[in-house]
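Enquirer: here is my input, please return the structure:
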Amino acid sequence: MNNVCTTEYVSKEQLQQEADMRKQLVASRQNAFKSFGDNRQDAIKAYLEDSVSAPEIKKLPAYKAIASIADSKMRTLVEDATVKAVESYDLNGVRFVSYWDQISTLANRQTVFTDIIQANGIVRSTDFQIRWRENYANANALVQFFNLNAGLPSEAELLRAIRGNTMGAFGNLLNIRFITDELASQSTIMPTNERALQLQMQMVRMLRFMNQKLLANTELTSEIIGDTPQWGGFVTRSELNNTILGAGSDLTDALINSQVQAIANASSVEGLGYVPLVCLTTASQITKIRSLIISRFPGEKSNSYLDYQALLQDMLPGVPLPAYMYKMYQTDPGTPIAFIQEPQLAAGTAVFFDPRQPRMAKFQMMGQYGPWIIERPTPELTTLLVAFDFLSLIDPLRESRAVYLNLN
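Expert: Reported below is the predicted structural model:
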């Protein structure tokens, strides 16, 4: 068995750089194709042969366009991009152009909830269970006046609660044939690292699975053979301020303010107070929030509206998402709330929470956090890869979140 190696998450900055580079490459090639004039065949041939004996051809716009985007690795592309004329009784000239470089990969890497909790850091777990302590001021321990000449005040003690969650392992087997990997890597059309591509797509699948189960999942603590230990999801464990609305309900200012008040619990010593919140909800409710914003600020100019949104965003602590992904709303007490569409959230759900509270617990192997890849060859000339991770959700203070169910 080979050594265990780790695969890091692809950052959003890396993904954006890749997208920008691809756009630039496609644009430059399209410009080259557009510049093909009557002398296009001569220009392509001159480039491929690297002819120095035809300076007049090298001055052609078509040649310059090709030379600006092509190198030794792209000569196959230029050959395939050669325009060929096909004549028939019912068609005029037809162009055949290779666009293999524009083949897209369908992989949705959007994981809103996971991005938020990862920004709070990772807590190391060393067991199949992760536990944490929650301290409460104890509202029943009333502070009293007392007479300095008569004795001492009554005794008070905080409340110490211990909560926990189960660690869960998840992943897949990947079985890559040796000959498939070699054929893909030696392709004259588009060399591909099949192993790296398979692992990249596996990481995307695992991220999406992890995000969905961190949001909602029923905890299973049993570790006996036949059972699969699983962590409990955020919404599933948010049973304290859980409200089931009437069928066909939409978010309103009153409903939003009700959840803000429930989380703040301002009249109690156990209250969280008025803090910036995040609300994850579905696409249908995001449109309702937009309508609420417009109706709440009638007559606002566009610039002042954008300035106001920017002001509210500055009040939001450390939400690692681009501003275009959420809409800011402010309730009467002044609490800023970021409403974000979470595609993997169950239909009809809206969960309000303090974004500083939830975190992720992860296990270490060989001194590193997952996901991990274990690799070994098989007698059938394949490479067997086990891609997996082992983690759980830390969701302290159930009082710091509130859920609406049965929304439109």
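
Enquirer: next secondary structure after whichever helix or strand L197 is part of?
Expert: In this assignment (DSSP states H and E), L197 forms part of helix 194-215. Sequence-wise, the next helix or strand downstream of helix 194-215 (DSSP H and E) is strand 242-249.

Enquirer: may I have the secondary structure class of the nearest residue to R133 once chain neighbours are set aside?
Expert: Closest residue in space to R133, ignoring its immediate chain neighbours: I162 at 5.6 Å, by Cβ to Cβ, 6 or more residues apart in numbering. The way it works is simple: take the backbone N, C-alpha and C, and place the C-beta from them, glycine included. What DSSP: H, G, I helix; E, B strand; the rest coil gives for I162 is strand.

Enquirer: OK, contacts around I162?
Expert: Residues near I162 by Cβ atoms under 8 Å, 6 or more residues apart in numbering: R131, W132, R133, E134.

Enquirer: looking at the residues you listed, state which has the most neighbours.
Expert: Greatest neighbour count in the contacts of I162, by other Cβ atoms under 10 Å, goes to W132: 15 neighbours.

Enquirer: report the contact partners of that one.
Expert: Counting by Cβ under 8 Å, 6+ apart, W132 touches I162, R163, G164, I394, P396.

Enquirer: residues near the last one, how many?
Expert: In this case it means P396. For P396, the neighbour count with other Cβ under 10 Å is 15.

Enquirer: can you say which helix or strand has it in it?
Expert: If you go by DSSP H and E, P396 is not part of any helix or strand.

Enquirer: domains of this protein?
Expert: Listed by automatic domain parsing, the domain ranges of the chain are 14-102, 107-134+160-408.

Enquirer: highest mean neighbour count out of those?
Expert: domain 107-134+160-408 (a mean of 16; mean count of other Cβ atoms under 10 Å).

Enquirer: for the record, mean pLDDT for that one?
Expert: When pLDDT is averaged along domain 107-134+160-408, the result is 89.

Enquirer: where's that domain relative to the chain centroid, distance-wise?
Expert: Put simply, domain 107-134+160-408 sits 8 Å off its chain's centre (Cα atoms, centre = their mean, to the nearest Å).

Enquirer: which residues are in contact with stretch 316-325?
Expert: By Cβ under 8 Å, 6+ apart, the surrounding residues in contact with stretch 316-325 are 112, 115-116, 118-120, 276, 278, 309-310, 313, 326, 328, 336, 338, 340-341, 355-356.

Enquirer: okay, and which of those map to strands?
Expert: V278, Y326, M328, P336, A338, I340, Q341 (DSSP state E).

Enquirer: between those residues, which is closest to I189?
Expert: Taking Cβ to Cβ as the measure, I189 lies nearest Q341 of the ones in strands among the contacts of stretch 316-325, at 39.3 Å.

Enquirer: about what we covered before: would CSV of the domains of the chain with distance to N147 be doable?
Expert: Listed next are those as CSV, based on distance: least, Cβ to Cβ, whole Å:
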stretch, distance to N147
domain 14-102, 68
domain 107-134+160-408, 24
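
Enquirer: which of these sits closest to F145?
Expert: Nearest to F145, of all those, is domain 107-134+160-408, at 17.1 Å by Cβ to Cβ.

Enquirer: partner strands of the biggest strand by length in the chain and their direction?
Expert: Determined from DSSP E, the single longest strand within the chain is strand 382-394. Taking DSSP bridges as the criterion, strand 382-394 sits next to strand 168-177 (antiparallel), strand 359-365 (antiparallel), strand 372-377 (antiparallel) in its sheet.

Enquirer: any idea of the angle the longest one forms with helix 194-215?
Expert: Yep, that's strand 168-177 we're talking about. Following axes from the mean of the first three to the mean of the last three Cα atoms, to 10 degrees, one obtains 160 degrees for the angle between strand 168-177 and helix 194-215.

Enquirer: what's strand 168-177 in contact with?
Expert: For strand 168-177, using Cβ under 8 Å, 6+ apart, the contacting residues are 194-195, 198-199, 202, 205-206, 209-210, 213, 228-231, 371, 378, 381-392.

Enquirer: quick check: phi and psi at the residue of the chain most remote from its centre.
Expert: For the chain, the residue at maximal distance from the C-alpha centroid (Cα atoms, centre = their mean) is N149, at 63.1 Å. Backbone dihedrals for N149, given as degrees, to the nearest 10, come out at phi -90, psi -10.

Enquirer: how close does it sit to E155?
Expert: As judged by Cβ to Cβ, to the nearest Å, N149 and E155 stand 20 Å apart.

Enquirer: and what of L173?
Expert: With distances taken as Cβ to Cβ, L173 is found 59 Å from E155.

Enquirer: cool, and Q364?
Expert: Taken as Cβ to Cβ, the span from Q364 to E155 is 43 Å.

Enquirer: so R398 touches T236, yeah?
Expert: No. The pair R398 / T236 is not scored as a contact, 11.6 Å apart, by Cβ atoms under 8 Å.

Enquirer: what sits against A141?
Expert: Counted by Cβ under 8 Å, 6+ apart, A141 has contacts E155, A156, E157, L158.
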